[in-house]
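In: Any chance you could fold what I've pasted below:
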Amino acid sequence: MEEDKLNMDTRIIAYDKHYGFVENPNDFNFEYNPHRLIVKNYALRKNDRKAYESYLTTFFPELAAIELKNFDTEVNYIRHFDNEELAAWLASNDIQVVESDISCSDPDAIFKMVYVPESESPTSYVVKEEDFILNRILPGDLIKEPNKTWINIKKPKF
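Out: Below you'll find the model as predicted:
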């Protein structure tokens, strides 16, 4: 667990070099705040509500109660799949696009399903830039990774 916290701290430093969220916290809203996404990612993977609660009460106290309620629900949907399990899950759920919370190439990224209407092309929903957060990729790109993959299995709302 201590190694995971060190990894989180290292990730915060690296992402801050890219985004500058420590020096300019007011430049980032709640939903797209890289610092929050990194801490939440850690807390979800480790089922460590206290880590996320501590962060929220320090940086977003007015949103802490609502977000912790969401966290308590979301943590129940987090799974860690190997490639075989992942391929079966993606196929059985007809997943066309997934979105990462942190960099899609990071082995700790948690992916969630993105709803794509039947009338639209999944590739129009892909967002795989040189960004560290909220990348959208096709499921085939996810299976190519050699790591186990973290997935939020909750189906998106339409």
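In: give me the element residue 53 is part of.
Out: helix 49-59 (DSSP states H and E).
In: What residues sit buried inside that helix?
Out: 51-53, 55-56 (16 or more other Cβ atoms under 10 Å). (C-beta placed from N, C-alpha, C; glycine too.)
In: now swap in stretch 98-111 and tell me
Out: Buried residues in stretch 98-111 (16+ other Cβ under 10 Å): 98-104, 106, 108-111.
In: List the residue ranges of this protein that fall below the pLDDT cut-off.
Out: Judged by pLDDT under 70, the chain has its weakly predicted residues at 1, 128-130, 145, 158.
In: Next, the residue of it most remote from its centre: secondary structure please.
Out: The outermost residue of the chain relative to its centre, with distances by Cα atoms, centre = their mean, is residue 119 at 26.6 Å. Classification of residue 119 using DSSP: H, G, I helix; E, B strand; the rest coil returns coil.
In: Phi and psi next, for it.
Out: Residue 119 has phi and psi values of phi -80, psi 0 when expressed as degrees, to the nearest 10.
In: could I get the helix holding residue 53 in CSV with only the CA atoms?
Out: Presented in CSV, the C-alpha positions along helix 49-59 are these (Å, rounded to 0.1, in the frame of the first residue of the first chain):
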residue,chain,number,x,y,z
ARG,A,49,-12.3,6.3,1.0
LYS,A,50,-10.4,8.2,3.6
ALA,A,51,-7.7,9.3,1.1
TYR,A,52,-10.3,10.7,-1.2
GLU,A,53,-12.3,12.2,1.7
SER,A,54,-9.2,14.0,3.0
TYR,A,55,-8.5,15.4,-0.5
LEU,A,56,-12.1,16.6,-1.0
THR,A,57,-12.5,18.2,2.4
THR,A,58,-9.2,20.1,1.8
PHE,A,59,-9.8,21.3,-1.8
